[in-house]
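A.B. asks: Fold the following for me, if possible:
(2 chains, ligands or ions: 3)
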Amino acid sequence: MTHAPALAIAPAGHAPEPHVPVFRGVARKELDELLTRYPQKMAALLPALWIVQDSRGWVSDGSMAEVAELLDLTPAYVKGVVTFYYMYHQHPVGKYFIQVCTTSPCAICGAEDVVKSLLKHTKCGELGSTSPDGKFTVIEVECLGACGFATPIMVNSDFIESVTPDNVPEILARFE
Amino acid sequence: MGFPHKLHERETPVLSQHFGNAEARSLDGWKKLGGYKALEKALGMQPAEIVEVVKASGLRGRGGAGFPTGMKWSFMKPGDGKPHYLCCNADESEPGTFKDREIMRWTPHALVEGCAIGAYAIGAETAYIYIRGEFTEPLDEMNRAVKEAYAAGIIGKNAMGTGKRVDVHVHKGAGAYICGEETALMNSLEGRRGNPRIKPPFPAVSGLFGMPTTINNVETLVAVNQILTRGADWYKGMSLSNPKSTGTKLFSVCGNVARPGNYEVQMGFPFKDFLHDLCGGPLQGRQFKAVIPGGVSVPIQSMEEAESTLMDYEGFVERGSMLGSGGVIVIDDAQNMVKVIARIARFFAHESCAQCTQCREGTAWATRILDRIADGHGATEDLDTLLDISEDMTGKTICVLSDSCATPIVSGIQKFREEFEVLIKQRRFHPVTAAVA
Ligand SMILES: Cc1cc2nc3c(=O)[nH]c(=O)nc-3n(C[C@H](O)[C@H](O)[C@H](O)COP(=O)(O)O)c2cc1C
Ligand code: SF4
Ligand code: FES
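C.D. replies: Ligands and ions are numbered 1, 2, ... in the order given. Prediction:
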């Protein structure tokens, strides 16, 4: 449920790095186990993409092609699915990817100020860009399903609740 | 209970009684608390008998639409020679709602049990629990519970030693509100983009993998456990107002209120007492202004409406809204309604899957107009335009996301018109505004 971040693409002049296969060893085993759960191979697509993102931090074109091959799909089909879902990163993101809920229930509890405070203290400056030290990326998201604990944020896969503009510095200090 | 608060004496904790109790999370702890008794009982019954008990209890779907669960289950034809599937909808993305999250965090085995019973009752050997990708902790809890249940032989090819096969799998979503819509969820599970499907065919005829499928919300399925152990009459007895709304209901409360959290009350509980006694009333120095009682997709209530509501499916409709997902959003006098509604419209514009023109264009257009009014650049005609667009967005699309966007806009203009008009009258001159209106 993330707003499409305007993330920097690899600078011009740098050829994309050759793809190193993800599905070897443990990851391959994990995929094989997943395939036993569904009557059709394609159903393992979202889980397979999660394996990619969990091991590489994002889903590259090379990974999409690898997944396509394993599940008897075309790379274009896989890309079509990846682009539908907000949680798959199609570009590398900061070491700590921060998602802030700003949907109405959180907005009326002051989420906008939490966003401002996060942008200031991470030095990201604006939504979707990565801080100069490469540590943080902050984006706005739609409802995280924790509306009673406004404002919730997610830092990578950790949920942090009841964030206020004032406790932002203390929270950021946990992420080195 | 009003987790994270202590139990309030006027609550009726059935599904939430173990929230906050770490012991309930493990298989041993869960069994000590009476867990898996319902499944044991169910596996000794005929599937049709279970469906009858659920029908008799009066249980209705807790995912939003309130469809009678027993009746839904009876659409699944036994012995048609096809594999059947149960999908548990744990996508919980309706803004204002966070009850399924607590059920999965604190009582993951209750959901494994509910899924196993539901699957068996509809003649399915496989249940998939589709959990939104952002729910990392509930996902961990559910994965652990499923693993424990398999290891103990509770589920699997010989569930509880009965020779019956019940598989339960957790499937992680990847961020998209629309995947909570039942046919979008099925597409997503199949590895497709989460676009809703045209109905008919309905899922009971052709659902997941083209096979007969039933889809139920997390809260619906865990209620079934209680109904099987304590009986349909006990469940039916919990109804304070209308006999068509039975049992207890978890309400998630958020927004401008003293004690936000999850509260479980019997159907028909007075909403006024709920807001003031259980949830602690308004924040200091403020006053309640409006309530959206069932997630952002339902009509906004004025305080007069809200405070005379009895909290059940019929009660909310009688007072100008709907029970929906039970996500109560409380809005106080420090908020501007136009801004609140504009942000809701933005949510729907962001989440539209873009298949239908009315929805794709309507949600975005309405958002632009509302933002403009909120920013002080609105024109008088804007309100009529908004009502026009809303009309075009209602009842004309593949799913009801489009209608859901129109609902708060129309009810907002109806009930809080003067807030729009004040902003429009104070309009700062903007030459472009008139041209694009
Ligand atoms: C746009 C949209 C989003 C929905 N999101 C959810 C959701 O997050 N969770 C849910 O249980 N039901 C959701 N629903 C309702 C489901 O389509 C479906 O009716 C429900 O899961 C059925 O379960 P029940 O009969 O147990 O209520 C949504 C519906 C729509 C139209
Ligand atoms: S109404 Fe909106 S969300 Fe639903 S199918 Fe149409 S475009 Fe998609
Ligand atoms: S609206 Fe912010 S978590 Fe739901």
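
A.B. asks: what about the strands in the stretch 51-200 of chain B?
C.D. replies: Secondary structure of the stretch 51-200 of chain B by DSSP state E, counting those that start in this stretch: the strands cover B:85-90, B:126-131, B:167-172.

A.B. asks: The second one pairs with which strands?
C.D. replies: For strand B:126-131, the paired strands and their directions (DSSP bridges) are strand B:85-90 (parallel), strand B:167-172 (parallel).

A.B. asks: Point out where chain A drops to low pLDDT.
C.D. replies: Applying pLDDT under 70 to chain A picks out residues A:1-16.

A.B. asks: Run a quick neighbour tally on the residue in it that ligand 1 sits nearest to.
C.D. replies: The minimum distance from chain A to ligand 1, using CB to the nearest ligand atom, falls at A:Gly145 (8.6 Å). In short, each C-beta sits where N, CA and C put it, glycine included. By other CB atoms under 10 Å in any protein chain shown, 27 other residues sit near A:Gly145.

A.B. asks: swap in B:Gly191?
C.D. replies: What B:Gly191 shows, counting by other CB under 10 Å, is a neighbour count of 22.

A.B. asks: Surely it touches A:Met42?
C.D. replies: Yes - assessed by CB atoms under 8 Å, B:Gly191 is found in contact with A:Met42 at 3.8 Å.

A.B. asks: Can you tell me how far the closest residue to A:Ser157 other than its chain neighbours is from B:Glu11?
C.D. replies: Nearest residue to A:Ser157, sequence neighbours excluded (CB to CB, 6 or more residues apart in numbering or on different chains): B:Thr136, at 4.4 Å. Between B:Thr136 and B:Glu11 the distance, using CB to CB, to the nearest Å, works out to 28 Å.

A.B. asks: before we move on, the earlier item: closest to ligand 2 out of the strands paired with strand B:126-131?
C.D. replies: Across those, ligand 2 has its closest neighbour in strand B:85-90 (15.9 Å, CB to the nearest ligand atom).

A.B. asks: Now that closest one: buried residues?
C.D. replies: If you call a residue buried by 16 or more other CB atoms under 10 Å in any protein chain shown, then strand B:85-90 has these buried ones: B:85-90.

A.B. asks: and the residue lying farthest from the centre of chain A, what does it touch?
C.D. replies: Relative to the centre of chain A, and counting by CA atoms, centre = their mean, the farthest-placed residue is A:Pro39 at 28.5 Å. Under the criterion of CB atoms under 8 Å, 6 or more residues apart in numbering or on different chains, the neighbours of A:Pro39 are B:83, B:209.

A.B. asks: ok, now with 6 Å
C.D. replies: With contacts defined as CB atoms under 6 Å, 6 or more residues apart in numbering or on different chains, the neighbours of A:Pro39 are B:Phe209.

A.B. asks: That one belongs to a strand, doesn't it?
C.D. replies: No - remark: A:Pro39 does not belong to a strand; assigned using DSSP: H, G, I helix; E, B strand; the rest coil, it is coil.

A.B. asks: Could you tell me the phi and psi values at it?
C.D. replies: phi -80, psi -10 (degrees, to the nearest 10).

A.B. asks: what sits against B:Glu314?
C.D. replies: B:Glu314 makes contact with B:Asn242 under the criterion CB under 6 Å, 6+ apart.

A.B. asks: The helix or strand containing it near ligand 1 at all?
C.D. replies: Per DSSP states H and E, B:Glu314 falls inside helix B:313-318. No - contact of helix B:313-318 with ligand 1 (CB under 6 Å from any ligand atom) is absent, the minimum separation being 11.4 Å.

A.B. asks: Could you list the buried residues of that helix?
C.D. replies: B:313-316.

A.B. asks: Stretch B:59-75 too?
C.D. replies: B:59-64, B:66, B:68-70, B:72-74.

A.B. asks: my guess is B:Glu181 meets B:Pro196, correct?
C.D. replies: Yes - in this structure, B:Glu181 is within contact of B:Pro196 by CB atoms under 6 Å, at 4.9 Å.

A.B. asks: Disregarding flanking residues, what is the spatial nearest neighbour of whichever residue of the stretch 151-300 of chain B sits closest to ligand 1?
C.D. replies: Nearest to ligand 1 in the stretch 151-300 of chain B, going by CB to the nearest ligand atom, is B:Gly180, at a distance of 2.2 Å. What sits nearest to B:Gly180 in space, not counting adjacent residues and going by CB to CB, 6+ apart, is B:Asp91, at 3.7 Å.

A.B. asks: isn't the one you found right up against B:Arg132?
C.D. replies: Yes - using CB under 6 Å, B:Asp91 is in contact with B:Arg132, at 4.8 Å.

A.B. asks: which residues sit in contact with residue 143?
C.D. replies: Using chain A here. By CB under 6 Å, 6+ apart, the residues touching A:Cys143 are A:101, A:103, B:95.

A.B. asks: I was after chain B.
C.D. replies: Contacts of B:Asn143 (CB under 6 Å, 6+ apart): B:Val170.

A.B. asks: and the gap between it and B:Met104?
C.D. replies: Look at B:Asn143 and B:Met104: by CB to CB, they are 10 Å apart.

A.B. asks: Can you show me the helices along chain A?
C.D. replies: A:26-35, A:45-56, A:61-70, A:75-82, A:104-107, A:111-122, A:168-172 (DSSP state H).

A.B. asks: go on, the stretch 201-350 of chain B?
C.D. replies: With helices called from DSSP state H, counting those that start in this stretch, the stretch 201-350 of chain B shows them at B:218-230, B:232-237, B:271-273, B:303-307, B:313-318, B:337-351.

A.B. asks: Format those as a markdown table; extra columns: mean pLDDT.
C.D. replies: What follows is the helices of the stretch 201-350 of chain B, written out as a markdown table (pLDDT from 0 to 100):
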| stretch | mean pLDDT |
| --- | --- |
| helix B:218-230 | 98 |
| helix B:232-237 | 98 |
| helix B:271-273 | 98 |
| helix B:303-307 | 98 |
| helix B:313-318 | 98 |
| helix B:337-351 | 98 |
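
A.B. asks: Which part of the stretch 1-150 of chain B gets nearest to ligand 3, residue-wise?
C.D. replies: Closest point on the stretch 1-150 of chain B to ligand 3, by CB to the nearest ligand atom, is B:Pro95, at 4.5 Å.

A.B. asks: what about that residue, distance to ligand 2?
C.D. replies: Per CB to the nearest ligand atom, to the nearest Å, B:Pro95 is found 15 Å from ligand 2.

A.B. asks: and that residue, what is it in contact with?
C.D. replies: Shown in contact with B:Pro95 (CB under 6 Å, 6+ apart): A:103, A:105, A:143, B:296.

A.B. asks: where does chain A come near ligand 3, residue by residue?
C.D. replies: A:101, A:103, A:105-106, A:143-147, A:152.

A.B. asks: Number of residues surrounding B:Asp333?
C.D. replies: If you count neighbours by other CB under 10 Å, B:Asp333 ends up with 12.

A.B. asks: Same question for B:Gly285.
C.D. replies: Number of residues near B:Gly285 (other CB under 10 Å) recorded here: 8.

A.B. asks: And stretch A:32-45, how far out from the chain middle?
C.D. replies: 23 Å (CA atoms, centre = their mean, to the nearest Å).

A.B. asks: Now do the same contact list for residue 88.
C.D. replies: Looking at chain A here, since you left the chain open. Counted by CB under 6 Å, 6+ apart, A:Tyr88 has contacts A:49, A:59, A:82, B:174.

A.B. asks: other chain: chain B
C.D. replies: Applying CB under 6 Å, 6+ apart to B:Cys88 gives the contacts B:115, B:129, B:221.
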